[in-house]
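1. Below is the sequence, then the predicted model.
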Amino acid sequence: MEWKIFEIHDISKTLRKLPKVVVNKYELWKNLVAAHGPDILRTLPSYHDEKLKGNRYGQRSSRLSLKYRIIYEVVQDKVLVMVFEITPHKY
């Protein structure tokens, strides 16, 4: 089954400001999720995919670099992945 990636905010505008390595990792992330679904991310330790808590309950985070994370949510039981933002991780 082919997964659809829907970018909620203007991710293309954000991508222009990010380092090329982060943009490349995001493109790889999208290709993996579109082809295999978001469950594949849990098998790849480099993405450190995890559930979020608090006001982000129901959303997930994947690591694109040590600094940048992608925030997303799986909707409609394995049909749609909504990307909310790519943001620097706050330590």
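-> Cool, the structure landed. These numbers come from a predicted model, not from an experiment. Residues are numbered from 1 along each chain as shown.

2. Where does the most centrally placed residue in the chain sit, in terms of helix or strand?
-> Nearest to the mean C-alpha position of the chain, by CA atoms, centre = their mean, lies residue 70 at 3.9 Å. For residue 70, the host element (DSSP states H and E) is strand 68-75.

3. what's the longest helix in this structure?
-> Across the chain, the longest stretch assigned as helix under DSSP state H is helix 20-36.

4. Counting by contacts, list what that helix packs against.
-> Judged by 3 or more CB pairs under 8 Å, 6 or more residues apart in numbering; DSSP states H and E, the packing partners of helix 20-36 are strand 4-7, strand 68-75, strand 80-88. The way it works is simple: take the backbone N, C-alpha and C, and place the C-beta from them, glycine included.

5. Looking at these, which one is packed in the most?
-> Across those, averaging neighbours per residue (mean count of other CB atoms under 10 Å) puts strand 68-75 on top, at a mean of 20.

6. Put together JSON lines for the helices and strands packed on helix 20-36, with mean pLDDT and distance to residue 32 on each row.
-> JSON lines is the format used below for the helices and strands packed on helix 20-36 (pLDDT from 0 to 100; distance: least, CB to CB, whole Å):
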{"stretch": "strand 4-7", "mean pLDDT": "85", "distance to residue 32": "10"}
{"stretch": "strand 68-75", "mean pLDDT": "88", "distance to residue 32": "12"}
{"stretch": "strand 80-88", "mean pLDDT": "80", "distance to residue 32": "11"}
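
7. who wins for proximity to residue 19 among these?
-> strand 68-75 (8.2 Å; CB to CB).

8. distance of the closest residue to residue 63 other than its chain neighbours from residue 84?
-> Once flanking residues are discounted, residue 63 sits nearest to residue 48: 4.2 Å by CB to CB, 6 or more residues apart in numbering. Distance, residue 48 to residue 84, using CB to CB, to the nearest Å: 17 Å.
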